[in-house]
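A.B. asks: Here you go, sequence then predicted model.
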Amino acid sequence: MQPSSQVNQRIARLAAHLQPPNDLQNCRAKGASGGFKVAILGAAGGIGQPLAMLMKMNPLVSLLHLYDVVNTPGVTADISHMDAAAVVRGFLGQQQLEDALTGMDLVVIPAGVPRKPGMTRDDLFNINAGIVKTLCEGIAKCCPKAIVNVISNPVNSTVPIAAEVFKKAGTYDPKRLMGVTMLDVVRANTFVAEVLGLDPREVDVPVVGGHAGVTILPLLSQVKPSCSFTPKEIDYLTDRIQNGGTEVVEAKAGAGSATLSMAYAAVKFADACLRGLRGDAGVVQCAYVASEVTELPFFATKVRIGRSGVEEIYPLGPLNEYERAGLEKAKKELAGSIQKGVSFVRK
Ligand SMILES: NC(=O)C1=CN([C@@H]2O[C@H](COP(=O)(O)OP(=O)(O)OC[C@H]3O[C@@H](n4cnc5c(N)ncnc54)[C@H](O)[C@@H]3O)[C@@H](O)[C@H]2O)C=CC1
Ligand SMILES: O=C([O-])CC(=O)C(=O)O
């Protein structure tokens with residue numbers, strides 16, 4: 001074991017490499033005016049790295065803060081060499097969390113452990129709940145007005161955890177907290193397009209409920225362009241969309257869960273948040289948010305994102321019998337997951 005002073009010195013040396021020299025910092029910052037400031041927490045991970053790369057490429061981002069408890073010097077050095085506009089800064093370890101968060105407009109959280117085959121997302125609760133709680137305490141202190149995108153699983157519980165942390169700190173604004181369920185929509189669009197023989201970019205499948213198993217409820221009766229499916233196709237598509245995450249976990253055989261498609265989905269969702277913040281009209285995506293659409297305190301549906309975050313939550317729309325049965329199953333499981341998250345912070 002290395003003595004902790006040696007470890008701290010090493011971290012300080014590594015951290016020093018994450019910033020440009022003092023006399024160059026102002027000149028770097030000038031290139032960053034006009035866009036949004038975005039932090040990724042868990043930026044050195046399987047999702048974090050490709051997400052950081054894609055965010056660096058987003059013209060709406062002027063400053064990109066990469067925070068993790070390991071490996072941010074390397075990831076930051078690497079990504080900062082891309083000749084895209086955003087200035088990239090790295091932050092390593094808990095003692096740099098506050099610097100990473102101060103002044104941010106959008107915070108994206110993919111920090112935490114992923115599943116291995118045989119696990120459910122809820123099996124990640126014991127580790128990830130504490131990680132999300134600590135990170136949200138930092139957000140409440142350093143950037144309470146930021147939009148927060150929670151990716152860390154189990155999303156059905158980590159979003160209620162974040163809400164409770166913000167309530168305790170007196171900073172909770174339900175419009176600014178969103179659980180990222182975009183990957184369910186991305187998968188649904190892909191799988192439905194395959195069945196219909198369409199380009200997935202032309203397909204829009206609303207996916208409501210939450211982000212685990214039966215709580216992932218694709219509304220196949222509301223697919224655009226308007227179409228119809230056989231009962232066999234509905235069973236196949238519902239099952240594949242609900243178990244898309246497990247399909248990847250099993251294929252990766254112990255090496256983690258979806259990272260590349262998730263980074264794609266996360267940047268699609270983050271971009272929608274930034275366009276909303278900019279004031280673009282008609283920015284609509286599915287997200288898991290505080291909601292009155294059902295009797296549950298959180299639920300994923302289509303939402304309209306604007307300057308203040310979630311500005312409108314759309315109703316479920318007409319459901320068929322199959323979807324109504326799915327909704328009941330989803331609500332039952334979601335209720336327990338939400339309560340588990342709330343109790344974790346209130347206990
Ligand atoms: N919402 C969604 O649709 C999806 C969510 N996920 C979830 O995203 C999370 C991350 O997945 P991966 O990137 O594949 O995992 P990973 O293990 O590759 O990366 C996670 C990163 O988080 C970092 N980390 C751990 N504790 C931290 C802390 N206290 N502060 C900051 N960073 C910390 C780790 O050092 C690591 O770099 C998992 O919980 C996974 O289940 C994954 C795919 C889809
Ligand atoms: O399945 C997992 O554990 C990761 C995830 O949430 C997904 O891919 O949808």
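C.D. replies: Structure received. Ligands and ions are numbered 1, 2, ... in the order given.
A.B. asks: and residue 271, how many neighbours does it have?
C.D. replies: Residue neighbour count, defined by other CB atoms under 10 Å, stands at 18 for residue 271. C-beta here means a position set from N, CA and C on the backbone, and glycine is covered the same way.
A.B. asks: quick one: the strands in the stretch 151-300 of the chain?
C.D. replies: Here the stretch 151-300 of the chain has its strands, by DSSP state E, counting those that start in this stretch, at 177-179, 207-209, 216-218, 284-290, 298-306.
A.B. asks: Show me the residue at the heart of this protein, geometrically.
C.D. replies: For the chain, the residue sitting closest to the mean C-alpha position, by CA atoms, centre = their mean, is residue 151 at 3.1 Å.
A.B. asks: Contact partners for that one?
C.D. replies: Residue 151 sits next to 42, 47, 108-110, 180, 262, 266 when contact means CB atoms under 8 Å, 6 or more residues apart in numbering.
A.B. asks: Could you say which one of the strands of the stretch 151-300 of the chain comes nearest to residue 257?
C.D. replies: Nearest to residue 257 among the strands of the stretch 151-300 of the chain is strand 216-218 (14.4 Å), distances taken as CB to CB.
A.B. asks: anything in the closest one near ligand 2?
C.D. replies: No: Strand 216-218 does not reach ligand 2 (CB under 6 Å from any ligand atom); its nearest approach is 8.2 Å.
A.B. asks: quick one: strands adjacent to that strand?
C.D. replies: As defined by DSSP bridges, the strand partners of strand 216-218 come to strand 207-209 (antiparallel).
A.B. asks: what does the strand it pairs with contact?
C.D. replies: 181, 184-185, 188, 215-219, 241, 286, 299-302, 316, 326-327, 330-331, 334.
A.B. asks: any bit of it sitting next to ligand 1?
C.D. replies: No: judged by CB under 6 Å from any ligand atom, strand 207-209 stays clear of ligand 1, getting no closer than 11.0 Å.
A.B. asks: Report the mean per-residue pLDDT for that strand.
C.D. replies: If you average the pLDDT over strand 207-209, you get 98.
A.B. asks: Stretch 134-148 too?
C.D. replies: Per-residue scores along stretch 134-148 average to 98.
A.B. asks: Next up, the contacts around the residue in the stretch 101-250 of the chain positioned nearest to ligand 2.
C.D. replies: Residue nearest to ligand 2 within the stretch 101-250 of the chain: residue 245 (2.3 Å; CB to the nearest ligand atom). Residues in contact with residue 245, defined by CB under 8 Å, 6+ apart, are 115, 121, 183, 257-258.
A.B. asks: got it, and residue 231?
C.D. replies: By CB under 8 Å, 6+ apart, the contact set of residue 231 is empty.
A.B. asks: Distance of it relative to residue 295?
C.D. replies: Plainly put, residue 231 is 29 Å away from residue 295 if you go by CB to CB, to the nearest Å.
A.B. asks: who's residue 178 bridged to?
C.D. replies: Judged by DSSP bridges, the bridge partners of residue 178 are residue 149.
A.B. asks: ok, back up a step: identify, from the contacts of residue 245, the entry nearest to residue 55.
C.D. replies: Nearest to residue 55 out of the contacts of residue 245 is residue 183 (CB to CB; 16.3 Å).
A.B. asks: Check the burial of the closest one by counting its neighbours.
C.D. replies: As a burial measure, residue 183 scores 25 neighbours (other CB under 10 Å).
A.B. asks: can I assume it is in contact with residue 263?
C.D. replies: No: contact criterion CB atoms under 8 Å: residue 183 and residue 263 do not qualify, at 9.7 Å.
A.B. asks: Would you map the helices across the chain?
C.D. replies: Listed in chain order, the helices of the chain (DSSP state H) span residues 4-16, 22-30, 48-56, 72-80, 97-101, 125-142, 155-169, 182-196, 231-242, 244-252, 260-278, 321-346.
A.B. asks: Mean pLDDT lowest where, among the ones you listed?
C.D. replies: helix 22-30 (a mean of 45).
A.B. asks: Flag every residue of the stretch 201-347 of the chain that's near ligand 2.
C.D. replies: So far as CB under 6 Å from any ligand atom goes, the stretch 201-347 of the chain lies against ligand 2 at 245-246, 248-249, 257-258.
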